[in-house]
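Trainee: Got a predicted model here, sequence first, then my questions.
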Amino acid sequence: MFWIDFLIFLFACMAAGLTGSLFPPGKWYSDLHKPRWTPPNWIFPVAWPILYILMSYSGATLANLENSGSALALWALQIAINTLWTPVFFGLKNIKLGLIIILLLLVSVLISTCVFWLYSSLAGVLFLPYLAWVAFAATLNAAVFRLN
């Protein structure tokens with residue numbers, strides 16, 4: 001059952017990731033003032049599939065534990081918030097609202113990581129790279145907001 005759960009979580013992640021192809025950065029983003037430490041564009045399509053696999057494995061791990069409903073609700077919350085950021089930032093071109101959303105995502109991922117750790121150290125550890133990435137992305141979003 002674990003691998004079926006994994007595929008379900010992976011599908012949820014890929015659905016969230018689909019927003020990247022629906023709302024590509026484009027000229028608007030390339031014309032924004034960005035900090036010197038902005039990663040090259042090729043990093044994003046490399047990082048996200050890795051993160052999605054780790055997130056999915058974490059979710060499947062939780063799904064196979066008894067009484068993990070609260071943890072799974074947090075997993076659902078963070079992927080829902082994750083899904084919002086791209087359409088708001090790139091679709092609506094709203095940097096400020098994007099910043100608010102990514103800060104909410106950061107808080108939800110931080111809480112999720114801590115709660116997941118209580119249920120399974122593996123589930124918590126698997127969310128650490130995602131937490132680091134979202135913290136970096138939030139810092140980048142804040143810098144782009146400040147510069148523009």
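Mentor: Ah, there it is. These numbers come from a predicted model, not from an experiment.

Trainee: for the record, mean pLDDT for stretch 62-69?
Mentor: In this model, stretch 62-69 carries a mean pLDDT of 97.

Trainee: what's next to it, contact-wise?
Mentor: Here stretch 62-69 makes contact (C-beta atoms under 8 Å, 6 or more residues apart in numbering) with Met1, Phe2, Asp5, Phe9, Ala71, Leu72, Trp75, Phe116, Tyr119, Ser120, Ala123. Where C-beta positions appear, they are placed from N, C-alpha and C, glycine not excepted.

Trainee: And Gly17, how far from Ile53?
Mentor: 11 Å (C-beta to C-beta, to the nearest Å).

Trainee: so where's the protein uncertain?
Mentor: For the chain, no stretch has pLDDT under 70.

Trainee: can you give me the helices for it?
Mentor: For the chain, helices defined by DSSP state H occupy the ranges 2-22, 26-31, 43-63, 69-86, 95-119, 121-147.

Trainee: for the ones you listed, which one sits closest to Trp37?
Mentor: Among the helices of the chain, the nearest to Trp37 by C-beta to C-beta is helix 121-147 (8.0 Å).

Trainee: Now do the buried residues in that closest one.
Mentor: Neighbour-count burial for helix 121-147, counted by 16 or more other C-beta atoms under 10 Å, picks out 123-124, 126-127, 130-131, 133-134, 137-138, 140-144.

Trainee: can you count the residues close to Trp48?
Mentor: 19 (other C-beta atoms under 10 Å).
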